[in-house]
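Student: here's a sequence, model it:
(chains A, B, C and D)
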Number of protein chains: 2
Amino acid sequence: MARTKDPAVRARLLDRAAHMLRTRQPVTLRALVAGTGVSTMAVYTYFGSMDGLWSAVRQEGFSRLAAKLDEVPSSADPADPADPADPVRDLTALGAAYVVNALENPDLYRVMFDAGFALEDAGAADETLHRLVRAVERAKEAGRFRADVDPAELALQSWAIGHGLASLVVTGPLPRQALDHAVPMLTAQFVGAGDAPDRCRRSVERGWEAVPTAASAVGG
Amino acid sequence: MARTKDPAVRARLLDRAAHMLRTRQPVTLRALVAGTGVSTMAVYTYFGSMDGLWSAVRQEGFSRLAAKLDEVPSSADPADPADPADPVRDLTALGAAYVVNALENPDLYRVMFDAGFALEDAGAADETLHRLVRAVERAKEAGRFRADVDPAELALQSWAIGHGLASLVVTGPLPRQALDHAVPMLTAQFVGAGDAPDRCRRSVERGWEAVPTAASAVGG
DNA sequence: CCACAATACATAGCAGCGCTATGTATTGTG
DNA sequence: CACAATACATAGCGCTGCTATGTATTGTGG
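Tutor: Numbers count the residues shown, from 1 in each chain, chains lettered A, B, ... in the order given. Below you'll find the predicted structure:
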């Protein structure tokens, strides 16, 4: 028995915030609403505060990452019989997609891991991690890793490698080319988990190349 | 033929900024100078702007990290003959010290890797990395790694592992215990560089324990 | 030794920030 | 259809980083 919120306004504010982040404009309350026709109060109606807005932006970052990871083709159900399932390649491809996403949305990526702002949905990061866990489980089922390998642990370690490199590149200390270190690093990690060295290297290299611009955009 | 700057004022402002960061008080211009007896202008005399102050704080963070790494005992000149040189252990100890430093100064660590603020001395991060490079070189000379291993590359990869874990812990997504993943991760990395698996595991475990509170503080 | 000039530093005020108290317009519901 | 609950606009508060202006200090050439 009252006026209802318009989801389009919320989405427009969120999109504009992401756009301002991408175009490196300072995301201030007044600048944010200036282009939308609504007043500053709208931000408080939909997000409660600027911190609430940032929480929503973080959430948006994880959503886009999840969408990016979903684009990665899995070889679990190979369309081409000549292209057999290779879960280690899939696992690497997920890592490559993760890194590419960070490179394509550096400002959003920084906000995602900016401490001090709680996430709207605390399980968003866990959900991202779980995609890696499932890939590790498939690799175990395929006999690529030792039986005593804990999928959650190996997934977390792969995440740490991807995030470490992505973070150092996105925040400045390392050049883009440094992302290529993911290939030998993931290979060492997977060999340590029991995969055969030569076969592992081939899988990782193919997984890295499977993500568009993972191998090439690094040169730009 | 003019009044000279007092280095003590600069140091006091810098210390106070680090202290406010540690005690989680918002570091604003007015709050910063409030406790020092000087006016807001002093910040502009010594740092030019608040961004200049942040640059100096970043520098301070790298200085403290460098001091922390210098405290790590090297087995290059073993005091105890019963404790022979073990450069792989030394390399791990540097990684442990890096991670412990991040854990002990989380706010300073975040500022260090906060993009948008240039460093006063851009070579500060390189200098930190170079300590790792030298440790890798010693390990190569001791025959622990393959001859084709590039010390700079392996050092960078070790850094990425340490930073990845430290960053995910410091910014929230992972609990402190996750830092222990550094042990299997570094082991896999060093084995991939040619070290013998069993020997490597022992060296890494001893290196990890060599840094006070690296193995224990994780439990807190 | 001293007058000068260059510099450090204090004071006060500006524009912009996030936020909120207040008033108005809108809209679902009994 | 009248009411009440809610979205939203407007204006202003206290804060921010910053700077224009004035004053006090100090190293230096004569």
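
Student: and chain A, which of its residues are near chain B?
Tutor: Counting by C-beta under 8 Å from any C-beta of the partner chain, the positions of chain A adjacent to chain B are A:106, A:110, A:113-115, A:125, A:153, A:156-157, A:159-165, A:167-168, A:170-174, A:178, A:181, A:184-185, A:187-189, A:191-193. Every residue, glycine included, has its C-beta placed from N, CA and C.

Student: could you turn the buried ones of those residues into a PyMOL selection?
Tutor: Burial among those is assessed by 16 or more other C-beta atoms under 10 Å in any protein chain shown; the matching PyMOL selection reads:
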select buried, chain A and resi 106+110+113+114+125+153+156+157+159+160+161+162+163+164+165+167+168+170+171+172+173+174+178+181+184+185+187+188+189+191+192+193
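
Student: from residue B:160, how far out is the closest residue to chain B within chain A?
Tutor: As assessed by C-beta to the nearest C-beta, chain B sits closest to residue A:164 within chain A, at 2.4 Å. Separation of residue A:164 from residue B:160 (C-beta to C-beta, to the nearest Å) stands at 4 Å.

Student: cool, and residue A:137?
Tutor: The value you get for residue A:137 to residue B:160, if C-beta to C-beta is used, is 25 Å.

Student: swap in residue A:75?
Tutor: Distance from residue A:75 to residue B:160, by C-beta to C-beta: 27 Å.

Student: grab the nearest non-local neighbour of the residue of chain A closest to chain B.
Tutor: Spatial nearest neighbour of residue A:164, excluding adjacent residues (C-beta to C-beta, 6 or more residues apart in numbering or on different chains): residue B:164 at 2.4 Å.

Student: mind checking the SS state of that neighbour?
Tutor: helix (DSSP: H, G, I helix; E, B strand; the rest coil).

Student: and the longest helix seen in chain A, what's buried?
Tutor: When chain A is parsed with DSSP state H, its longest helix is helix A:50-71. For helix A:50-71, a neighbour-count test (16+ other C-beta under 10 Å) marks A:50, A:52-62, A:64-65, A:68-69 as buried.

Student: go through these and say which is closest to DNA strand C.
Tutor: residue A:50 (3.1 Å; C-beta to the nearest atom of the strand).

Student: looking at residue A:212 now. What's its pLDDT?
Tutor: With respect to pLDDT, residue A:212 scores 74.

Student: sorry, that was for residue A:121
Tutor: Residue A:121 is given a pLDDT of 71.

Student: which residues touch it?
Tutor: residue A:59 (C-beta atoms under 8 Å, 6 or more residues apart in numbering or on different chains).

Student: what about it, distance to residue A:15?
Tutor: Distance, residue A:121 to residue A:15, using C-beta to C-beta: 19 Å.

Student: likewise residue A:93?
Tutor: 28 Å.

Student: got the domain boundaries for chain A?
Tutor: A:1-48, A:62-219 (automatic domain parsing).

Student: which of those domains sits most buried?
Tutor: domain A:62-219 (a mean of 19; mean count of other C-beta atoms under 10 Å in any protein chain shown).

Student: ok, and does that one reach over to DNA strand C?
Tutor: No. Judged by C-beta under 7 Å from any atom of the strand, domain A:62-219 stays clear of DNA strand C, getting no closer than 11.3 Å.

Student: starting at the chain centroid, how far to that domain?
Tutor: 9 Å (C-alpha atoms, centre = their mean, to the nearest Å).

Student: quick one, helices of chain A?
Tutor: Using DSSP H, helices in chain A cover A:7-22, A:29-34, A:40-47, A:50-71, A:87-104, A:106-112, A:124-141, A:151-170, A:182-192, A:197-210.

Student: among those, which is nearest residue B:46?
Tutor: Among these, helix A:106-112 comes nearest to residue B:46, with 28.3 Å by C-beta to C-beta.
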